[in-house]
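Participant: using only what follows, build the 3D model:
(one chain, ligands or ions: 1)
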Amino acid sequence: MTETHESAPLDAVIVGAGFAGMYAIYKLRQAGMRVRAFEAGEDVGGTWYWNRYPGARCDVESVEYSYSFSEELQQEWQWSERYAAQAEILRYANHVADRFGLRDAIGFETRVTSGEFDSDTNLWTVATDRGDVVRARFFVMAGGCLSLPRMPDFPGLDEFQGKLYHTGMWPHEGVDFSGLRVGVIGTGSSGIQVIPQIARQASELTVFQRTPNFSLPAFNRAMDPEFEREYKAIYAVHRDKARYSSAGIAGHPTPEKGAMDDAPDERQRVYEGGWLRGTTGFTRIYKDILSDPVANSTMAEFVREKIRRTVKDPKVAALLTPTDHHIGTKRICLDTGYFETYNRANVTLRNVRSEPIVSITSQGIRTEAADYAYDAIVFATGYDAVTGAVLNIDIRTKGGASLAEKWTAGPRTYLGLMTAGFPNLFLITGPGSPSVLTNMLTSIEHHVEWIAECLQHLRDKGMVRMEAQRGFEDEWVEHVNQVADATLFPTANSWYTGANIPGKPRVFLPYIGGHGNYRIKCAEVASNGYEGFALSA
Ligand code: NAP
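Facilitator: Numbers count the residues shown, from 1 in each chain. Presented below is the predicted three-dimensional model:
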């Protein structure tokens, strides 16, 4: 359906129908607002709609990686595993869309291409690749933090005669790798999940690794009914704990001790216990792992030793052992049989640092050392994170600058929620908010609820325009940087800093001050009459 300028303006246009977009539709409608969402996929689910590669699984426990806004929903839904697989999470997203009647608000297979704010009318005009043109008071970015897949620009990509895949754009019908020669590029969370699965099918699998990563066994298992029953009995208590925790995860309590407070033997016991729990909260065992290089090295060495013990060939083990970054400063991974996969006879590891990829050829991959032939190549090469999906839309004010221009040297926001100069534009889990350092569901719910309350406040006060004030934004950006600089995070070449994208400004993108603290700050800002934002009638 094509809407035109003649239609009455909506209250809000929402970009995306993943978990953020769906909740925004629900919450704003609940507040009596007229909303429309646009979603590039054919259906809801966002990341879980696109990432259908074998092995795709959440690394936050199912009972936590789910909506908390409806007691009925969280009681009735049953997760089958401790860490849910992609298909189950997608079923959950569909269940939510049906249960709360969200689909009629969504234009599927439609990508938002531009948004222009007119200061005379205080309205956004939003256009899509299907020719829709809609006007709305508010423009809400819910396009996700890891949703714009990135293919390295190797020459020859078009020449390959086999099949090319990216983990973040996986074919819906699935892929059968049986008997095929497969090359996988990338060993981040996606690569680490997909590699063991492909290895079981392919006749030969070659992994092209640029940076070895720290990964822990997930110890995934079927949901224990007793655990589920006990958890659900006090669900609200767990959720509240998550809301005021650092990572938005109830199961990751804030540590009090430093690593060097324990004697080496005790520390080893603590690490061993943490290891067996199988959680990304491992790096939160001690309070200084992510800020003190000495503390960090004790944990890193523990994990390195695990890798050496798992991988039988010492040369391969050495290549798989991370030494160029502090543990946790690149997103830690959870795996199922990842390192064990390199003990298989059909799996080869190639080091892209000593043997850089030169091009993709008609037959496979050419490195500086040799030509390798494949039937399929899988890119597990990540995303233009946090800012990619927002800047993929041409966002501007009428007669003014574009957001891309404003963010040339890196994103600037106030609280990660709004950016000065772009009134009525809201970012869900935007840069400068805890977002990707947390359970995304906790952060999404927090932002959607804050925005919904804010829009109700504006309506109640007869206001039609809200904008972040530059001075407050500058202070927030400085604070975000200061907090990051007090940690080891900026030392790593990670997507957290934009280092994975050639030419992307090096800025630590999320806010690392902790979800709970951040939530309190956002509440204070709201209760002080939206301090730092200019509101006008
Ligand atoms: P990623 O962490 O950015 O990893 C991309 C991988 O591709 C890295 O190993 C990278 O090497 C490599 N690479 C990129 N360009 C390359 C090139 N030109 N040549 C050779 N290698 C190249 O991306 P991801 O694995 O998709 O994960 C992104 C994030 O999504 C994760 O950190 C996580 O937050 C989320 N995720 C979560 C789950 C889960 O819940 N379990 C699963 C998947 C993804 P370098 O390290 O050297 O750059």
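
Participant: can you get me the start-to-end distance on stretch 366-386?
Facilitator: 32 Å (Cα to Cα, to the nearest Å).

Participant: going forward, count from 25.
Facilitator: Sure, I'll start counting at 25 from here, so that last one is stretch 390-410.

Participant: wait, does it contact the ligand?
Facilitator: Yes: applying Cβ under 6 Å from any ligand atom, one finds stretch 390-410 in contact with the ligand at 404-407. C-beta: built from backbone N, CA, C; applies to glycine.

Participant: ok, and the most crowded of these?
Facilitator: Gly406 (25 neighbours; other Cβ atoms under 10 Å).

Participant: now that residue: phi and psi?
Facilitator: The phi/psi pair for Gly406 (degrees, to the nearest 10) reads phi 90, psi -160.

Participant: would you agree it is in contact with Gly212?
Facilitator: Yes: contact criterion Cβ atoms under 8 Å: Gly406 and Gly212 qualify, at 5.6 Å.

Participant: what helix or strand is Lys265 on?
Facilitator: helix 259-267 (DSSP states H and E).

Participant: CA atoms only for the longest helix out of those in the chain - export them in CSV, please.
Facilitator: Identified as the longest helix of the chain according to DSSP state H is helix 464-484. Only the C-alpha atoms of helix 464-484 are listed here, as CSV (Å, rounded to 0.1, in the frame of the first residue of the first chain):
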residue,chain,number,x,y,z
MET,A,464,19.2,-6.6,24.3
LEU,A,465,15.7,-7.4,25.5
THR,A,466,16.3,-5.6,28.8
SER,A,467,17.7,-2.5,27.0
ILE,A,468,15.0,-2.6,24.3
GLU,A,469,12.2,-2.7,26.8
HIS,A,470,13.8,0.1,28.8
HIS,A,471,14.1,2.4,25.8
VAL,A,472,10.7,1.7,24.4
GLU,A,473,9.1,2.4,27.8
TRP,A,474,11.1,5.6,28.3
ILE,A,475,10.1,6.8,24.8
ALA,A,476,6.5,5.9,25.2
GLU,A,477,6.3,7.7,28.5
CYS,A,478,8.0,10.7,27.0
LEU,A,479,5.6,10.9,24.1
GLN,A,480,2.7,10.7,26.4
HIS,A,481,4.2,13.5,28.5
LEU,A,482,4.6,15.6,25.3
ARG,A,483,1.0,14.9,24.3
ASP,A,484,-0.3,15.7,27.8
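
Participant: before we move on, the earlier item: let me know the closest of the residues of stretch 390-410 next to the ligand to Gly445.
Facilitator: Tyr407 (26.0 Å; Cβ to Cβ).

Participant: got the contact list for the residue lying closest to the closest one once chain neighbours are set aside?
Facilitator: Closest residue in space to Tyr407, ignoring its immediate chain neighbours: Leu170 at 4.4 Å, by Cβ to Cβ, 6 or more residues apart in numbering. Counting by Cβ atoms under 8 Å, 6 or more residues apart in numbering, Leu170 makes contact with 71, 192, 406-407, 409-410, 460, 519.

Participant: what of Gly352?
Facilitator: Per Cβ under 8 Å, 6+ apart, neighbours of Gly352: 238, 307, 313-314, 320, 323, 512.

Participant: if you set the cut-off to 10 Å instead, what comes out?
Facilitator: 238, 304, 306-308, 313-314, 320, 323-324, 511-513, 516 (Cβ atoms under 10 Å, 6 or more residues apart in numbering).

Participant: quick one: which of those sit in helices?
Facilitator: Those of these lying in helices (DSSP H): 320, 323-324.

Participant: Asn370: which of the residues you listed is nearest?
Facilitator: Ala324 (30.0 Å).

Participant: quick check, that closest one in contact with His350.
Facilitator: Yes: counting by Cβ atoms under 10 Å, His350 is a contact partner of Ala324 at 6.6 Å.

Participant: among those two, which residue is more densely surrounded?
Facilitator: Taking neighbours as other Cβ under 10 Å, Ala324 and His350 compare with His350 leading, 24 against 21.

Participant: and the angle for the helix holding Lys265 with helix 464-484?
Facilitator: With axes from the mean of the first three to the mean of the last three Cα atoms, to 10 degrees defining the directions, helix 259-267 sits at 90 degrees from helix 464-484.

Participant: okay, buried residues for helix 259-267 please.
Facilitator: Neighbour counts over helix 259-267 (16 or more other Cβ atoms under 10 Å) mark 259, 262-263, 265-267 as buried.

Participant: ok, these vs the ligand, which is closest?
Facilitator: Nearest to the ligand, judged by Cβ to the nearest ligand atom, of the buried residues of helix 259-267 is Ala266 at 16.6 Å.

Participant: residues contacting that closest one?
Facilitator: 84, 88, 92, 272-276, 462-463, 465-466, 469, 539-540.

Participant: hmm, back to that, pull out the buried positions in the longest helix of the chain.
Facilitator: Neighbour-count burial for helix 464-484 [16+ other Cβ under 10 Å]: 464-476, 478-479, 482.

Participant: rewinding a little: which of the contacts of Ala266 fall within helices?
Facilitator: 465-466, 469, 539-540.

Participant: report all helices and strands that the lengthiest strand in the chain contacts.
Facilitator: The strand that spans the most residues within the chain, counting by DSSP state E, is strand 157-165. Under the contact definition 3 or more Cβ pairs under 10 Å, 6 or more residues apart in numbering; DSSP states H and E, strand 157-165 sits against strand 34-39, helix 43-54, strand 59-62, strand 136-142, strand 147-152, strand 449-451, helix 464-484, strand 489-492.

Participant: can you give the strand pairings for the shortest one, parallel or anti for each?
Facilitator: Pairing partners of strand 449-451, with direction, according to DSSP bridges: strand 157-165 (parallel).

Participant: what about the following helix or strand past the strand it pairs with, distance to the chain center?
Facilitator: Next along the chain after strand 157-165, taking DSSP H and E as the criterion, comes strand 187-190. Put simply, strand 187-190 sits 22 Å off its chain's centre (Cα atoms, centre = their mean, to the nearest Å).

Participant: contact partners of strand 187-190?
Facilitator: Contacts of strand 187-190 (Cβ under 10 Å, 6+ apart): 74-75, 77, 173-175, 181-182, 195, 199, 201, 204, 206, 208-210, 214, 218, 384, 398-407.

Participant: who in the stretch 325-474 of the chain is up against the ligand?
Facilitator: 355, 376, 381, 404-407, 460.

Participant: among these, which two are most distant?
Facilitator: Checking these with Cβ to Cβ, the most distant pair is Ile381 and Val460, at 27.0 Å.

Participant: averaged pLDDT, stretch 367-387. What do you get?
Facilitator: Stretch 367-387 shows a mean pLDDT of 98.

Participant: flag every buried residue along that stretch.
Facilitator: 371, 373-376, 381, 384-385, 387.

Participant: and of those, the nearest to the ligand?
Facilitator: Val376 (4.6 Å).

Participant: selection in PyMOL covering whichever of the contacts of strand 187-190 are buried, please.
Facilitator: Selection of the buried residues among these in PyMOL, burial being defined by 16+ other Cβ under 10 Å:
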select buried, resi 74+75+77+173+174+199+201+204+206+208+209+210+214+218+384+398+399+400+401+402+403+404+405+406+407
